[in-house]
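S.K.: Only the shape, not the letters, is given here:
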């Protein structure tokens, strides 16, 4: 089985979710995850200016810029091409042999990582599996994870659940993600909001980052003048 052709859909921009949490994103505690935004996965979408994938790409770019401004590290995940069957294992039975070449494995041009960004090899749905993401977060003193990318009900949701079980607060950004269908996408948003994190919008993330950066700058200013 290969990836399906994904027909366009768009989430309601005014929608909110019944979160069980009321966390506030803090740029001193947060890390951004850009999950699976590789040509192989994005090419499966039948895009267009009004499609959810097009919105997601632009919102991820906007969040990444805000994170860079606020000093929030960005981590990308990317599956390697031409995987050894011993590494791919059961994924082959669900999705076929995987990515063919370096072009398929590359992050899309609009979101290409910069020199300051980190790209982790992704082996399974969760970004934590066989990676040092947990250690990087702990070494940087980060206990909040902003999750963006594709696909919401597969890699994004399983990463959110793994983060929750490791004690990290998850900020699951609805409009900075896309999925096979609107139903799949909504299922993931509802699950995270009720079970393992906080579902939010890109505007919420950027507002919290700006507020937190201003507070941090004020505190730093106070130290310098004391």
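M.R.: Noted; the coordinates are in hand. Quick caveat: nothing in here was measured; it's all calculated off a predicted structure.
S.K.: In the chain, spot the strand with the most residues.
M.R.: When the chain is parsed with DSSP state E, its longest strand is strand 169-178.
S.K.: Now the helix or strand that it is followed by: buried residues?
M.R.: Per DSSP states H and E, the first helix or strand lying C-terminal to strand 169-178 is helix 182-195. Residues 182, 184, 185, 186, 188, 189, 191, 192, 193 are the ones in helix 182-195 that count as buried (16 or more other Cβ atoms under 10 Å). For every residue, glycine as well, the C-beta is placed using N, CA and C.
S.K.: How about the contacts made by the residue sitting nearest the centre point of the chain?
M.R.: Geometric centre of the chain, nearest residue: residue 148, 2.4 Å, by Cα atoms, centre = their mean. When contacts are counted by Cβ atoms under 8 Å, 6 or more residues apart in numbering, residue 148 is found next to 32, 33, 34, 35, 56, 59, 60, 63, 156, 173, 176, 177.
S.K.: if I read this right, residue 73 contacts residue 114, doesn't it?
M.R.: No - using Cβ atoms under 8 Å as the test, residue 73 is too far from residue 114 to be in contact (11.5 Å).
S.K.: out of those two, which sits in the busier spot?
M.R.: Taking neighbours as other Cβ atoms under 10 Å, residue 73 and residue 114 compare with residue 73 leading, 16 against 8.
S.K.: tell me the SS of the residue nearest to that one when sequence neighbours are not counted?
M.R.: Computed as Cβ to Cβ, 6 or more residues apart in numbering, the closest residue to residue 73 that is not its neighbour in sequence is residue 31, at 5.2 Å. Secondary structure, DSSP: H, G, I helix; E, B strand; the rest coil: residue 31 is strand.
S.K.: Residue 31 reaches residue 147, doesn't it?
M.R.: No - at 10.0 Å, residue 31 does not count as touching residue 147 under the criterion of Cβ under 8 Å.
S.K.: More neighbours: the two, which one.
M.R.: residue 147 (25 against 21).
S.K.: And residue 73, how close does it get to residue 189?
M.R.: 25 Å (Cβ to Cβ, to the nearest Å).
S.K.: nope, residue 117 is what I meant
M.R.: For residue 117 relative to residue 189 (Cβ to Cβ), the value is 26 Å.
S.K.: cool, and residue 131?
M.R.: Counting by Cβ to Cβ - residue 131 and residue 189 are separated by 24 Å.
S.K.: Any regions of this structure where pLDDT drops low?
M.R.: 1, 216-226 (pLDDT under 70).
S.K.: tell me the contacts of residue 168?
M.R.: 137, 142, 143, 144, 145.
S.K.: Among these, which ones are in helices?
M.R.: The members of the contacts of residue 168 that map onto helices under DSSP state H are residue 137.
S.K.: Which of the contacts of residue 168 lies at the shortest distance from residue 93?
M.R.: Of all these, residue 93 sits closest to residue 145, with 29.2 Å by Cβ to Cβ.
S.K.: Identify the bridge partners of the closest one.
M.R.: residue 31, residue 170 (DSSP bridges).
S.K.: how many other residues sit next to it?
M.R.: Residue 145: 27 surrounding residues under other Cβ under 10 Å.
S.K.: where's it relative to residue 205, distance?
M.R.: Distance, residue 145 to residue 205, by Cβ to Cβ: 12 Å.
S.K.: what do these two both touch?
M.R.: Common neighbours of residue 145 and residue 205 (Cβ under 8 Å, 6+ apart) are residue 171.
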